[in-house]
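>>> quick one, fold the following:
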Amino acid sequence: MILIKKNIKNDKIKNLLSNQKGMALLTTLIFVFILVTFGVALLTMTGNDIKLSALQRDSTEALYIAEAGIDKALWYLNTPEDNGGEGLKWRPNEEQESYPAVSTNYYQLTVEDTEQDIIKITSRGVVSDGNKIYGSRKIEVKAKKAISPSPSPAYSYAIVTEGNLTFSGDVEIDGDVHSNGNISAGVDVLLTTGEATASGEDNELGSANYATQMYPKIDFEYYKGLAIANGTYYVGLNLIKVFNTVEEITGIHFIEGDVEIREDADLNIINGGAIFATGTIIVSSTPKIRRTQTAGYDNPLAIIAKGNITLLADVDVEGIVQTEGTLKIRSVQFPIYVRNGAVIADVIVNLEGSGYVIDISHDPNLSVENIIGTGIEIYKIISWQEID
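The predicted structure is shown next:
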């Protein structure tokens, strides 16, 4: 009896274990759950990828917009106002422009001075729908003043200055005169040929309210290279190069500092020679300077400086006298001649014939010549970085 009961119990267990009813449903539910989980994970990953892709796209677009802002800033700086630009003195605190022009995206520009001849341009590119910002990148570049060769402008004037021009005493000029400021003149100022024009409101020698005129700028780096090759490059801490002997000068003499031409000096500049200084040039008392535009040499530049030039002595040069500072010419004990050349100053030209004549004559060939080592002043990028 007991044996029969055990057999019946064992049969029930075997039947229960061998019964497959409901397993298919369970397996299906497990498989569906796995598929749903995988699908949700896939959708989540795809959504994240789409978001990341959109963020990357908007960020990259913002970078391109920022770069476009840098290009536009350089165009504004390097293009004169009369050609649609803003000029080299343009310093916006925050200039904002849409880019492209018909979109809600934009760049913001800032330009500021950092050190001599170097500026910092910051451009922030923004991708926006007009309400929400989707991407923003910022670029900072530094740009330095440089000279770009150009067939124009040329040395078209006997005298031209960025600032005001003042004459007093005995001054004779053969050629045109122009000031981007005003012209004031005392007695005994004679224009033997040509005319006097001024961009300012006052001109005692001729026409005022004349268009602003450009003139060539000197590429000092180019001429420094020539002086280094010639062995006539002078550099030192607070250097003052003194000329005080009888000396014959050939080639470019380039001084990183100031120049003084003193009483005992007697300089004869030949064979395309010239004196360049990154500082001031002072010629006073009784030295002599003679420069002849020797045949076969094509450099018309004679006395050139970044700083002020003062001529108060016995000077008779053929060629161009040019400064990025203030030029003062005063004939105290001797007449002063600048022949077959031009007189150029960025700031103020003061010519005072004090008992002796100042005689300046222009070489008409300079109006059509493209002088090597001169051109128009522009800003060129020297560094680039992305900032936060």
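>>> who touches stretch 223-243?
By CB atoms under 8 Å, 6 or more residues apart in numbering, the surrounding residues in contact with stretch 223-243 are 251-262, 265, 267, 274, 276-277, 287, 301, 304, 373. Yep, even glycine has a C-beta here, placed from its N, CA and C like the rest.
>>> now it - C-alpha only, CSV.
What follows is stretch 223-243, C-alpha atoms only, in CSV (Å, rounded to 0.1, in the frame of the first residue of the first chain):
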residue,chain,number,x,y,z
TYR,A,223,65.5,98.3,-44.3
LYS,A,224,66.8,96.8,-41.1
GLY,A,225,67.4,93.6,-43.0
LEU,A,226,69.4,95.6,-45.6
ALA,A,227,71.5,97.2,-42.9
ILE,A,228,72.2,93.9,-41.2
ALA,A,229,73.4,92.5,-44.5
ASN,A,230,75.5,95.6,-45.0
GLY,A,231,77.0,95.5,-41.5
THR,A,232,75.6,98.9,-40.6
TYR,A,233,73.0,97.8,-38.1
TYR,A,234,73.3,99.4,-34.6
VAL,A,235,71.5,98.1,-31.6
GLY,A,236,72.0,98.4,-27.9
LEU,A,237,70.2,99.4,-24.6
ASN,A,238,69.1,103.0,-24.8
LEU,A,239,71.4,103.5,-27.8
ILE,A,240,72.3,107.0,-29.0
LYS,A,241,74.3,106.8,-32.3
VAL,A,242,76.5,109.9,-32.6
PHE,A,243,78.0,111.1,-35.8
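>>> can you list the buried residues in that stretch?
Tyr223, Lys224, Leu226, Ala227, Thr232, Tyr233, Lys241, Phe243 (16 or more other CB atoms under 10 Å).
>>> and that stretch, how far from the chain's centre?
Chain-centre distance of stretch 223-243: 24 Å, with CA atoms, centre = their mean, to the nearest Å.
>>> again, but for stretch 128-146
Using CA atoms, centre = their mean, the offset of stretch 128-146 from its chain centre is 20 Å.
>>> equivalent analysis for stretch 196-205, please.
Counting by CA atoms, centre = their mean, stretch 196-205 comes out at 29 Å from the chain centroid.
>>> and for stretch 333-344?
Averaging C-alpha positions (CA atoms, centre = their mean) puts stretch 333-344 31 Å from its chain's average.
>>> tell me where the model's unsure across the stretch 51-200 of the chain.
Applying pLDDT under 70 to the stretch 51-200 of the chain flags residues 51-52.
>>> make it 80
For the stretch 51-200 of the chain, the stretches flagged by pLDDT under 80 are 51-54, 151-152, 186-187.
>>> strands along that one, start to end?
95-98, 106-115, 118-128, 133-148, 159-161, 165-174, 177-179, 183-185, 189-193, 196-198 (DSSP state E, counting those that start in this stretch).
>>> turn the buried residues of stretch 223-243 into TSV, including secondary structure and pLDDT.
As requested, the buried residues of stretch 223-243 are exported to TSV (DSSP: H, G, I helix; E, B strand; the rest coil; pLDDT from 0 to 100):
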residue	secondary structure	pLDDT
Tyr223	helix	96
Lys224	helix	97
Leu226	helix	95
Ala227	helix	96
Thr232	coil	96
Tyr233	strand	97
Lys241	strand	95
Phe243	strand	95
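>>> could I get the full set of strands for the stretch 201-350 of the chain?
Here the stretch 201-350 of the chain has its strands, by DSSP E, counting those that start in this stretch, at 217-218, 233-243, 246-261, 266-277, 281-283, 288-291, 301-305, 309-311, 314-323, 327-331, 336-345, 349-362.
>>> so can I have JSON lines of those showing distance to Gly85?
Rendered in JSON lines, the data for the strands of the stretch 201-350 of the chain read as follows (distance: least, CB to CB, whole Å):
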{"stretch": "strand 217-218", "distance to Gly85": "17"}
{"stretch": "strand 233-243", "distance to Gly85": "35"}
{"stretch": "strand 246-261", "distance to Gly85": "32"}
{"stretch": "strand 266-277", "distance to Gly85": "30"}
{"stretch": "strand 281-283", "distance to Gly85": "33"}
{"stretch": "strand 288-291", "distance to Gly85": "37"}
{"stretch": "strand 301-305", "distance to Gly85": "27"}
{"stretch": "strand 309-311", "distance to Gly85": "30"}
{"stretch": "strand 314-323", "distance to Gly85": "24"}
{"stretch": "strand 327-331", "distance to Gly85": "28"}
{"stretch": "strand 336-345", "distance to Gly85": "23"}
{"stretch": "strand 349-362", "distance to Gly85": "27"}
